[in-house]
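Asks: let me see the structure of the following:
(chains A and B)
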Amino acid sequence: ETGVTQTPRHLVMGMTNKKSLKCEQHLGHNAMYWYKQSAKKPLELMFVYNFKEQTENNSVPSRFSPECPNSSHLFLHLHTLQPEDSALYLCASSQVLSGKETQYFGPGTRLLVL
Amino acid sequence: AQSVTQLDSHVSVSEGTPVLLRCNYSSSYSPSLFWYVQHPNKGLQLLLKYTSAATLVKGINGFEAEFKKSETSFHLTKPSAHMSDAAEYFCVVLFGGSQGNLIFGKGTKLSVKP
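Replies: Got it, this is the predicted structure:
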């Protein structure tokens, strides 16, 4: 499936590095999401963008900084991360109309912080 | 409080036998319900969804789920397991019609023995 793409697929970074995750959706949706998937924990919603405006930030530490330049692209900028931030980061998109829309997920970026 | 519970963290079946993955939710609203599947090193793929139409929902790859309001359940079934069904399955609930208000279960890992 190529509806939602994420790059890179794998990333290893040190705690002092700065890196960015990229997500692109080709579905014409107007909302995009970042989720964190850690081992043995449910998926955690991090950020929501609706029409390029951030509408939700679930108490995410400031070392994670999202950016949504347009409705098709979403970035997650990373700096001074901790080893416990190692996880699979999933991007999703949906077309918000009534609030019951399906979210479509990308393949994820597997992040390892050393 | 709104929640979703997947009753089994791991289910093991033999190829050709039925699959049952259990999911219960707690909500004072009428939710939308989803099942997603995640194969190793892949993102989440939508299997099926219930949005207050027919209570028996058919999805991809021969899976189906039945919404039972009286039991607050949305169990996923398949008559005959295939080796390619081995993956992790997530029951997901969208509450209250709010964009981004998805609640994920902790996941059930399905193993299929030859």
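Asks: just list what the helix or strand bottoming out on mean pLDDT in chain A packs against, helices and strands only.
Replies: Using mean pLDDT, DSSP states H and E, strand A:53-57 stands out as the lowest-scoring helix or strand of chain A, at a mean of 74. Judged by 3 or more Cβ pairs under 8 Å, 6 or more residues apart in numbering or on different chains; DSSP states H and E, the packing partners of strand A:53-57 are strand A:44-50, strand A:64-70. Using the backbone N, CA and C atoms, a C-beta is placed for each residue, glycine as well.
Asks: of all those strands, which one is nearest B:T17?
Replies: Proximity to B:T17 (Cβ to Cβ) singles out strand A:44-50 among the helices and strands packed on strand A:53-57, at 34.0 Å.
Asks: for that closest one, which strands pair with it and how are they oriented?
Replies: Partners of strand A:44-50 in the sheet, by DSSP bridges, are strand A:31-37 (antiparallel), strand A:53-57 (antiparallel).
Asks: the inter-axis angle of the longest one versus strand A:64-70?
Replies: This points to strand A:31-37. Put simply, strand A:31-37 runs at 160 degrees to strand A:64-70, going by axes from the mean of the first three to the mean of the last three Cα atoms, to 10 degrees.
Asks: hang on, isn't B:A87 packed against B:V112?
Replies: No - B:A87 lies out of contact with B:V112 (Cβ atoms under 8 Å); the separation is 9.3 Å.
Asks: and the least confident helix or strand of chain A, how far from the chain's centre?
Replies: Remark: strand A:53-57 is offset 12 Å from the chain centroid, using Cα atoms, centre = their mean, to the nearest Å.
Asks: with only the CA atoms kept, save that strand in PDB.
Replies: Output in PDB follows, covering the C-alpha atoms of strand A:53-57 (Å, rounded to 0.1, in the frame of the first residue of the first chain):
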ATOM      1  CA  GLU A  53      -3.500  23.200  12.400                       C
ATOM      2  CA  GLN A  54      -2.400  21.300  15.400                       C
ATOM      3  CA  THR A  55      -5.500  20.400  17.300                       C
ATOM      4  CA  GLU A  56      -4.100  17.900  19.900                       C
ATOM      5  CA  ASN A  57      -0.900  17.400  21.700                       C
END
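Asks: report the buried residues of it.
Replies: A:E56 (16 or more other Cβ atoms under 10 Å in any protein chain shown).
Asks: sounds good, over and out.
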